[in-house]
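Asker: Sharing a model that was predicted from the sequence below.
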Amino acid sequence: LELYHDLIFSVQFSVANPVSKETLQKGRNIISEQFRITCLSERMDSLLMWSHYANKHYGFCLEYDFSQTLTTNLYPDLLAAQIMLFPVIYSDTRPLLSKALFSSKTLTYYYKTKKIPPNFVEQLIYGLLFKSEDWSYEKEWRILQIKSKEPIMKLPKARRVFLGANIEDNAKHRIIDIAQKKHIPVFQMFLNSDKYKFDFYQIK
């Protein structure tokens, strides 16, 4: 499974019944405090994604191979990746979360224990995997990490680096230098002269 790093993530939910903005914000804060989410994609050649997530083609893209994390013990520190790597569900309907999740009882329980009630964890995980059908071209996957104090998600070693078509020379040379030290191949993206698509070549 080849996945590519995606840098932006936001979550929006519908709730079965109306709740106050303050209560809804508290519920969102709980999710933010308790979950770490890494977003990736099956694609590295999308014109739109390079514009959205890589500073209009000035950035770069990292390729990861998760097959070893799923079949061997080479990455024992990637427990979250082994267990909590899911494809995004694209839908025109928002996932509905129970109003009970945002009830005063639930909020009081959380602020006393700093834990999400066990019966809501599955609902939250399910809700965090939804995205509008309009974004289906991204072919996104998400790693969900619960109750982690670490601000950084650990991933397998990058397998390849792709440099944006507009990347500036200073950034390009710095990335190439780092990649060479880590023995990671580097590729330069460029726009095909005959088609609205990217091609790339390896930088030796």
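Answerer: Looks like it came in fine. Residues are numbered from 1 along each chain as shown.

Asker: where does this protein dip in pLDDT?
Answerer: 1-20, 68-83, 96-102, 147-153 (pLDDT under 70).

Asker: Beta-bridge partners for the most centrally placed residue in it, please?
Answerer: Of all residues in the chain, the one closest to the mean position by Cα atoms, centre = their mean is residue 39, 0.7 Å from it. Counting by DSSP bridges, residue 39 forms beta bridges with residue 6, residue 142.

Asker: can you check residue 160 too?
Answerer: Here residue 160 sits in beta bridges with residue 63, going by DSSP bridges.

Asker: what's the distance between it and residue 87?
Answerer: Separation of residue 160 from residue 87 (Cβ to Cβ, to the nearest Å): 21 Å. In this view, the C-beta of every residue, glycine as well, is placed from N, C-alpha and C.

Asker: Give me the more crowded residue out of those two.
Answerer: Taking neighbours as other Cβ atoms under 10 Å, residue 160 and residue 87 compare with residue 160 leading, 19 against 12.

Asker: The more buried one and residue 185 touch, don't they?
Answerer: Yes: shown here, residue 160 and residue 185 form a contact pair, counting by Cβ atoms under 8 Å, at 5.2 Å.

Asker: Next, show the common contact partners of the two.
Answerer: Overlap of the contact sets of residue 160 and residue 185 (by Cβ atoms under 8 Å, 6 or more residues apart in numbering) is empty.

Asker: Can you verify my assumption that residue 196 contacts residue 47?
Answerer: Yes: contact status for residue 196 versus residue 47: in contact at 6.8 Å, counting by Cβ under 8 Å.

Asker: the more surrounded of the two?
Answerer: residue 47 (13 against 7).

Asker: doesn't residue 198 make contact with that one?
Answerer: Yes: Residue 47 lies in contact with residue 198 (Cβ under 8 Å); the separation is 7.1 Å.

Asker: can you give me the strands for the protein?
Answerer: Ranges of strands in the chain, per DSSP state E, are 2-6, 14-15, 35-41, 60-65, 85-87, 89-91, 96-97, 130-132, 140-146, 160-163, 186-191, 198-203.

Asker: Dump the ones you listed into CSV; add distance to residue 103 as well.
Answerer: As requested, the strands of the chain are exported to CSV (distance: least, Cβ to Cβ, whole Å):
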stretch, distance to residue 103
strand 2-6, 33
strand 14-15, 11
strand 35-41, 20
strand 60-65, 39
strand 85-87, 27
strand 89-91, 26
strand 96-97, 11
strand 130-132, 22
strand 140-146, 21
strand 160-163, 46
strand 186-191, 49
strand 198-203, 49
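
Asker: closest one to residue 120 among those?
Answerer: Judged by Cβ to Cβ, the one of these that comes nearest to residue 120 is strand 96-97, at 8.1 Å.

Asker: before we move on, the earlier item: from memory the residue nearest to the centre of the chain sits against residue 142, does it?
Answerer: Yes: with contacts counted by Cβ under 8 Å, residue 39 reaches residue 142, the gap being 5.5 Å.

Asker: Spell out, range by range, the helices that occur in the chain.
Answerer: 21-34, 47-53, 67-71, 79-83, 104-113, 118-127, 169-181 (DSSP state H).
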